[in-house]
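K.L.:
quick check, what structure comes out for this input:
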Amino acid sequence: MSLKQKKSQKIYSVIFALGIISIIATLFMSRSTIKEYSSSSFPPQKQVLGVSAKQPTPTQVVVQAKKTQAHTVTERSVYLGMWTGGLWDDKSLSFHPEALTSVEAKIGKKTAIAHIYTGWSNLTNPSFINQLQVVTSNGWRPMVSANPYFFDQCKANGQTLYQAISSGNCDDFIKSVGVSLKQYGHPIFLRFAWEMNITSMDWSIQKSGSTPSDFIAAWRRVHDIVVSQGATNVQWVFAPNTLSSSSIPYNQLYPGDQYVDWVGLDGYNWGTTQVWSSWESFGQVFSTSYYALSSVAPNKPMMLSEVNTTDVGGDKPAWYTDMLTVQIPDNYPKIAAVVFYNEDRSAQENVNWLIDRTPASLSAFKQGISDPLYVSSF
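P.N.:
Numbers count the residues shown, from 1 in each chain. Okay, here's the model as predicted:
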């Protein structure tokens, strides 16, 4: 090989080596750039139970978010319930299921709770217990609103209503209540002395001449005696009315968590049907009371134990739509049951609470409860 050939070969070797170095440097720089871009585009990997979780792509993040949202909605249930005119006759102690099934046919959904009202002396009547079995046989859980009063098995003896109950004047009767409700043998909501915080009820703290501490002592005594008879199927519902300037604050009346299973709120939009009323949105009716009761019993499920709106003074269909599709799903997460009061009270109170007051109000209600959030059974 000539000297010229040797020099050419050496030059080619150097050029080849420089090329290899350049390629390696380029690859290294590209890798660093990719790593730097990845670190700035996505957050660091999270440790889940000591295992490094795979970082999802942006597409995966969107899919997972949708799944999480749907899962959350599915897990929350709001039990649907109702009182409707003609469902219960307190004089004959007879339950009429057809009154509620006819409403269910109109609204396109079965209710989970059948709400009835009775005087508390009826709680020991065998006919009453038999009628509760009819409620159960139709697939509903009964909610019984029982108002206390004096009678031959619960005498005043010179005391106010809640003083008499708390001091033991009614113990034998209350024991019989426990025996009867145990005999019924199925879960039952008991709204003892509902709306005790407002002046319009005969059994209210104000009208009965009692004090809040009298009421608390009476509630606890009734609860403990009923439970002592084995009636652990009773679910106790503390259900005041929404707050007003003349009502007693909830924290002065709440019996305590160990004596209450559910808290309830009764509230209505009276519209312009009364001289003292005006049109109120769902939020205006319930917001203040909801937060007040939530602060008193933060760990208890809440129900709207009576609720409805008139159509006088505003838009009833829009009220239902707002309540059922926006307010309860998004703004009132503690609400786990909603029990409508469905009756025409024009003759008694100049107000019509019927859901099907107009075709438009029925349609809005039906559409609202079609959401799977609202369930028909326990």
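K.L.:
point out where the stretch 1-150 of the chain drops to low pLDDT.
P.N.:
Low-confidence segments of the stretch 1-150 of the chain, defined by pLDDT under 70, span residues 1-74.
K.L.:
how about the strands in it?
P.N.:
For the stretch 1-150 of the chain, strands defined by DSSP state E, counting those that start in this stretch occupy the ranges 47-48, 51-52, 78-84, 88-89, 94-95, 113-119, 141-147.
K.L.:
isn't Ser294 up against Tyr332?
P.N.:
No - with contact defined as Cβ atoms under 8 Å, Ser294 does not count as touching Tyr332 (9.4 Å). In short, each C-beta sits where N, CA and C put it, glycine included.
K.L.:
these two: which is more packed in?
P.N.:
Neighbour totals were compared for Ser294 and Tyr332, and Tyr332 leads with 21 against 17 (other Cβ atoms under 10 Å).
K.L.:
list phi and psi for Pro301.
P.N.:
Here is the backbone geometry of Pro301 (degrees, to the nearest 10): phi -70, psi 150.
K.L.:
that one: how many residues sit nearby?
P.N.:
Burial of Pro301 is recorded as 16 neighbouring residues (other Cβ under 10 Å).
K.L.:
secondary structure element for the nearest residue to it once chain neighbours are set aside, which one?
P.N.:
Excluding its sequence neighbours, the residue lying closest to Pro301 (Cβ to Cβ, 6 or more residues apart in numbering) is Ala336, at 4.1 Å. Assigned by DSSP states H and E, Ala336 belongs to strand 335-342.
K.L.:
which strands and helices lie in contact with the very next helix or strand once past that strand?
P.N.:
Note on strand 335-342: by DSSP H and E, the next helix or strand toward the C-terminus is strand 344-345. Strand 344-345 sits against strand 351-352, with contacts defined as 3 or more Cβ pairs under 8 Å, 6 or more residues apart in numbering; DSSP states H and E.
K.L.:
repeat that with 6 Å
P.N.:
Where contact means 3 or more Cβ pairs under 6 Å, 6 or more residues apart in numbering; DSSP states H and E, strand 344-345 is not packed against any helix or strand.
K.L.:
returning to that earlier point: can you tell which of the strands of the stretch 1-150 of the chain is closest to Val260?
P.N.:
strand 141-147 (14.6 Å; Cβ to Cβ).
K.L.:
what lines up beside that closest one in the sheet?
P.N.:
If you go by DSSP bridges, strand 141-147 pairs up with strand 113-119 (parallel), strand 188-192 (parallel).
K.L.:
so what does the next helix or strand after it touch, helix or strand wise?
P.N.:
Downstream of strand 141-147, the first helix or strand assigned by DSSP H and E is helix 161-167. Judged by 3+ Cβ pairs under 6 Å, 6+ apart, the packing partners of helix 161-167 are helix 212-228.
K.L.:
now the helix it packs on: mean pLDDT?
P.N.:
Per-residue pLDDT values across helix 212-228 average out to 98.
K.L.:
so how far is it from its chain's centroid?
P.N.:
Helix 212-228 sits 25 Å away from the centroid of its parent chain (Cα atoms, centre = their mean, to the nearest Å).
K.L.:
one more: stretch 84-103?
P.N.:
Centroid separation for stretch 84-103 versus its chain: 25 Å, with Cα atoms, centre = their mean.
K.L.:
that one: end-to-end distance?
P.N.:
One end of stretch 84-103 sits 8 Å from the other (Cα to Cα, to the nearest Å).
K.L.:
residue contacts, Ser277?
P.N.:
Going by Cβ atoms under 6 Å, 6 or more residues apart in numbering, Ser277 touches Trp270.
K.L.:
which SSE is it in?
P.N.:
Short version: Ser277 belongs to no helix or strand, going by DSSP H and E.
K.L.:
would you list the phi and psi of it?
P.N.:
phi -110, psi 160.
K.L.:
quick check: it vs Gly86, distance?
P.N.:
As judged by Cβ to Cβ, to the nearest Å, Ser277 and Gly86 stand 26 Å apart.
K.L.:
how's the chain carved up into domains?
P.N.:
Using automatic domain parsing, the domain ranges for the chain come out as 1-42, 71-375.
K.L.:
so of the ones you listed, which one's packed in deepest?
P.N.:
domain 71-375 (a mean of 18; mean count of other Cβ atoms under 10 Å).
K.L.:
pull the residues that contact the strand holding Ala336.
P.N.:
Outside strand 335-342, the residues that reach it (Cβ under 6 Å, 6+ apart) are 78-79, 81-84, 113, 115, 301-306, 308, 328, 353, 355.
K.L.:
next: stretch 312-323.
P.N.:
So stretch 312-323 is contacted by Gly271, Thr272, Thr273, Trp279, Phe282, Thr309, Ala360, Ser361, Ala364, Phe365, Gly368 (Cβ under 6 Å, 6+ apart).
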